[in-house]
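[1] all I have is the shape, not the residue letters:
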C-alpha cells in the first residue's frame, strides 16, 4: 500500500482541511457561478466526506453523491450523511450532471484519461488542484506545475475557466451549450 493511501485510510481528510483550504473554499464561494448551484453533484474522491460537506454548503446541490476508492473512507463519509460508494477513478467513471474533484487529479495514474472520461460523463466539471512549487508538507500525491496543469486543462477541457488562488488552481468546465 502506498504511503499516501495509508495516510488517507488512517486520517481521511483530517490531514488537509487547514487554514489554506478554508481560504480556498471561501474564494470558491465568491466565484462559483450561480448557474452551477442546485445541480445533481457527485464528489469524485470524496474521502471521508469532510470536504464534501463544506462543498455542499457552497454548491447547494439538489442531490449529492460521493465516490472514493477506499471502502473505509466511504464508510466514514456515509457516517457524515453522504450517499457514498466505492469507485476507482483510474478505471471507471460514474456519470451525472456536476462532477467535483477537490484535490484528486494529482493522485490518479493518468490525469488526461480521467479528464477525458469526466468530460464524457458530466456536462459540468469543477476541479481544485494543488500546484507543485508551494510548501505544503501535508499535500500528498504528485501535484503538477502551473504550466503543466494549464496545458492539460486546455487539451482535455477546452474553454474551461481557470482561477488561481494561492498555490492551487480552480477549474470550471461546462460542455458547450449546456448552460444556454
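    Now that the structure is in, tell me what you want to look at. All values reported here derive from a predicted model rather than from experimental measurement.

[2] next, residue 84: phi, psi?
    phi -120, psi 150 (degrees, to the nearest 10).

[3] residues touching it, list them.
    46, 49, 65-68, 74, 77-78 (CB atoms under 8 Å, 6 or more residues apart in numbering). For the C-beta atoms, the positions are set from N, CA and C on the backbone; glycine is no exception.

[4] any chance of these in TSV, plus pLDDT?
    What follows is these, written out as TSV (pLDDT from 0 to 100):
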residue	pLDDT
46	96
49	96
65	98
66	98
67	97
68	96
74	97
77	97
78	98
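
[5] show me the shaky parts of the chain.
    1-17, 134-141 (pLDDT under 70).

[6] can you give me the strands in it?
    40-44, 63-68, 83-86, 98-102, 124-130, 161-165, 168-174 (DSSP state E).

[7] residue 92 is nearest to which of the ones you listed?
    strand 63-68 (9.7 Å; CB to CB).

[8] now do the same contact list for the residue most central in space within the chain.
    Centroid-nearest residue in the chain, with CA atoms, centre = their mean: residue 101, separated by 1.3 Å. Each residue near residue 101 by CB under 8 Å, 6+ apart is listed here: 43-45, 118, 125-128.

[9] out of these, who's nearest residue 164?
    residue 128 (11.0 Å).

[10] name the nearest residue to that closest one, sequence neighbours excluded.
    Counting by CB to CB, 6 or more residues apart in numbering, residue 128 lies nearest to residue 102, which is 4.8 Å off, once chain neighbours are set aside.

[11] how about the helices in the chain?
    3-11, 19-31, 50-59, 71-79, 111-121, 146-156 (DSSP state H).

[12] list the buried residues for the fifth one?
    To tie it back to what came earlier, the one meant is helix 111-121. 111, 114-115, 117-119, 121 (16 or more other CB atoms under 10 Å).
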